[in-house]
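let me see the structure of the following:
(one chain, ligands or ions: 1)
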Amino acid sequence: MKSKKNIVLIGMMGSGKSSIGRILSKELNIDFLDIDQKIEESENLSISDIFKKYGENYFRKIEEKICLKHLKTENNVISLGGGGFINLSIRKLCKKTCLTFWLNWKNETIINRIFKSKKRPLVTKLTKDQINNLIKERSKIYELSDYKINCDKLDKHKIINKILKIYENK
Ligand code: S3P
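Numbers count the residues shown, from 1 in each chain. Okay, the predicted model is just below:
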C-alpha cells in the first residue's frame, strides 16, 4: 500500500469525529483510531471516571502521551478528543505528519448535542454562555487545521465525500 499521511479529525465534542472517522476508514479500507478509546483502554477507566478520579490535568497528560504515539503512524484515520488539537505538541505533530480536518458546526448544533450527552465531563458544569466562549476560543486554534469542513448543511455522506476527495488528490 502506498504510504499516506494519517487523516486526523478535529473539532468540538459532538462534532461527529468518531462516527465520521469510522465510516471514512471503512471507505478507504484503512484503520481507524479513536484517541478517547485508546485513553480509556490504557487507563482501564472511562473518560468520565478518569476526570472524576484524577482530574483534567492528569487526563491531558495521558491524552498527550497517547496522541504523540499514534500520530507518528501512517495510513490511519484518527479522531482526536475536542481538546487534543489545543495542545501545542499534539498540534505541531499533527501539522507535520498528518492531514487535519476540522468538522465545524454552528455553536447551537454543538451545544444541543453536548447537552444531550452524559459522557462529556468537561462541560457538565458549564452554562450555555460558557460553552459558547469555549467554542469561540477553541475555534481560533481549530482554524489552524489544514481543511475546514462546514458541516451544518451537509449530510454525513457529503461530509465524508468532501474529505475523501481532498485525501485522494494528495
Ligand atoms: C474533551 C473532549 C472529549 C474527551 C474529553 C475532553 C474536550 O472527546 O476527550 O471529555 O476537551 O473537548 P470528544 O471530543 O470525542 O467528545
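
residues touching the helix or strand residue 160 falls within, excluding its own?
Assigned by DSSP states H and E, residue 160 falls within helix 156-168. Helix 156-168 has contacts (CB atoms under 8 Å, 6 or more residues apart in numbering) with 4, 7, 16, 19-20, 23-24, 27-28, 99, 101, 103, 147, 149, 151, 154. From N, CA and C alone the C-beta is placed, and that goes for glycine too.

tell me which of those residues fall in helices.
19, 20, 23, 24, 27, 28 (DSSP state H).

what is the nearest of those residues to the ligand?
Nearest to the ligand among the ones in helices among the contacts of helix 156-168: residue 19, at 10.3 Å, using CB to the nearest ligand atom.

would you mark the buried spots in stretch 45-58?
Across stretch 45-58, burial judged by 16 or more other CB atoms under 10 Å covers 47, 50, 51.

for the second one, give its distance to residue 56.
Translated: residue 50. 9 Å (CB to CB, to the nearest Å).

just confirm residue 121 is within a helix.
No: per DSSP: H, G, I helix; E, B strand; the rest coil, residue 121 lies outside any helix segment and is coil.

buried ones among the contacts of helix 156-168?
Using 16+ other CB under 10 Å, the buried ones in the contacts of helix 156-168 are 7, 16, 20, 23, 24, 28, 99, 101, 103, 149, 151.

need the three-state assignment for residue 140.
Strictly by three-state DSSP, residue 140 counts as helix.

doesn't residue 9 belong to a helix?
No: when classified by three-state DSSP, residue 9 is found to be strand rather than part of a helix.

for it, the count of nearby residues, please.
A count of nearby residues for residue 9, using other CB atoms under 10 Å, gives 25.

I figured it hits residue 17, correct?
Yes: between residue 9 and residue 17 there is a contact under CB atoms under 8 Å: 4.1 Å.

right, I'll call it a day here.
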